[in-house]
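Novice: Need the 3D shape of this:
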Amino acid sequence: MKTAIKYTIFSLLAAISLASCNSGETLQTYFVDRQETIDFMSADIPTSIVIMDETTLTKEQKAAYKSVQRLNFLGYKTTESNLATYTTELAKVQTILSDVKYTELMEFNDSGNKIVIKYLGDDDSAEEIIVFASSKETGFGIVRVLGDSMRPEEMATLVSAIQNTNFEDSSQLKGIIDFFK
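Specialist: Numbers count the residues shown, from 1 in each chain. As a prediction, the model looks like this:
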């Protein structure tokens, strides 16, 4: 009888351990595995190069802007010869981002470009914000926004302010923009 109970408890613990292991790829491992790959471009961007006129920001936008510490970028540019690889890589990213741990904040389409903004965390504090943009003509880009006490609703308001920011003056951001030209 005691052996049966021990066996049952051991089996239950083993099942829980196996179920809790996630063998799927995460966004972080996707970044790490591809950052040195020739078809990809990656960059760590300190927020100090994203200069915004804080006098034009609302209180919520200022709080969101100050909560961001750094940005990680990974991009894949399409060419006529790599469309099959693009489709495969795009599907991998979409699978990763379809995980229930990522909460969708916004999604919109603009002239054939699809932009999805998701976050990892809860409604009060996001651990990271993910901006994923894709287009069959240019490729795709993923930006991981990392910071402290980032609030998803504040980040959503910051998106409109960022759309009016001129990134052409920053050499590191210019390299990213030029990558997709």
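Novice: Can you pull out the low-pLDDT segments for the protein?
Specialist: 1-23, 50-51, 157, 159-181 (pLDDT under 70).
Novice: Find the residue at the geometric middle of it.
Specialist: Note on the chain: the residue nearest the mean C-alpha position is Ile130, at 2.8 Å, using Cα atoms, centre = their mean.
Novice: Was I right to think that residue contacts Thr26?
Specialist: No: the criterion here is Cβ atoms under 8 Å, and Ile130 misses it with Thr26 at 11.5 Å. (Glycine included, C-beta is placed from N, CA and C.)
Novice: just to revisit the earlier point, what's the spacing between the residue nearest to the centre of the chain and Gln69?
Specialist: Going from Ile130 to Gln69 by Cβ to Cβ, to the nearest Å gives 15 Å.
Novice: Look at the closest residue to Thr47 other than its chain neighbours and say how many residues are nearby.
Specialist: Residue nearest to Thr47 in three dimensions, not counting chain neighbours: Val68, with 5.2 Å by Cβ to Cβ, 6 or more residues apart in numbering. Val68 has 18 neighbouring residues, counting by other Cβ atoms under 10 Å.
Novice: Kindly state the beta-bridge partners for Val68.
Specialist: Beta-bridge pairing of Val68 under DSSP bridges involves Gly147.
Novice: surely it meets Gly147?
Specialist: Yes: Val68 is within contact range of Gly147, at 4.3 Å (criterion: Cβ under 8 Å).
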